[in-house]
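In: Below is the sequence, then the predicted model.
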Amino acid sequence: MGKYRSKLQIIADMLFVASKGAKKTWIMYQANLSYALLNRYLAEVMDAGLVSFVGGGDCYNITRKGQEFLDKFSEYFERRRQLEEQINDMNSEKMDLEKMIDNRITR
């Protein structure tokens, strides 16, 4: 089964696409969203002031606030990745310890 993206990850994906300037359909395809989800999240990021619409070019662009969000999300995502790696290492150590106990009992 696939891994679901969080709301924050979806928004970060959208902002990354909009950081280069993008039409609505391009954001939808590049962020891998259905049309309904695109509209829902696009309204949310626009209301939050993370993305602006440039009518003449029919294009969405990331705002300074959106770039700040993207920068903070990148830091958060990296810290989370490091913590998950540490947790996996700890779980592996725990399994090794449990094996040591199981081996001793079954002898």
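Out: That came through fine.

In: Tell me where the longest helix sits in this structure.
Out: Across the chain, the longest stretch assigned as helix under DSSP state H is helix 64-106.

In: Tell me how far that helix lies from the chain's centre.
Out: Averaging C-alpha positions (C-alpha atoms, centre = their mean, to the nearest Å) puts helix 64-106 17 Å from its chain's average.

In: elements contacting it?
Out: Applying 3 or more C-beta pairs under 8 Å, 6 or more residues apart in numbering; DSSP states H and E, one finds that helix 64-106 makes contact with helix 7-18. All C-beta atoms are positioned from the backbone trio N, CA, C, and that covers glycine.

In: Name the residues that touch the helix it packs on?
Out: 5, 26-27, 30-33, 37, 41-42, 44-45, 50-51, 60-62, 66-67, 69-70, 73-74, 76-77 (C-beta atoms under 8 Å, 6 or more residues apart in numbering).

In: quick one: it to helix 64-106, angle?
Out: Between the axes of helix 7-18 and helix 64-106, defined by axes from the mean of the first three to the mean of the last three C-alpha atoms, to 10 degrees, the angle is 130 degrees.

In: Kindly export helix 7-18 (C-alpha atoms) in PDB.
Out: This file holds the C-alpha atoms of helix 7-18, laid out as PDB (Å, rounded to 0.1, in the frame of the first residue of the first chain):
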ATOM      1  CA  LYS A   7      -1.500  18.200   4.400                       C
ATOM      2  CA  LEU A   8       1.800  20.000   4.900                       C
ATOM      3  CA  GLN A   9       3.500  17.800   2.300                       C
ATOM      4  CA  ILE A  10       0.800  18.500  -0.200                       C
ATOM      5  CA  ILE A  11       1.000  22.200   0.400                       C
ATOM      6  CA  ALA A  12       4.800  22.200   0.200                       C
ATOM      7  CA  ASP A  13       4.500  20.300  -3.200                       C
ATOM      8  CA  MET A  14       2.100  22.900  -4.500                       C
ATOM      9  CA  LEU A  15       4.300  25.800  -3.300                       C
ATOM     10  CA  PHE A  16       7.400  24.200  -4.900                       C
ATOM     11  CA  VAL A  17       5.600  24.100  -8.300                       C
ATOM     12  CA  ALA A  18       4.300  27.600  -7.900                       C
END
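
In: Many thanks, we can stop here.
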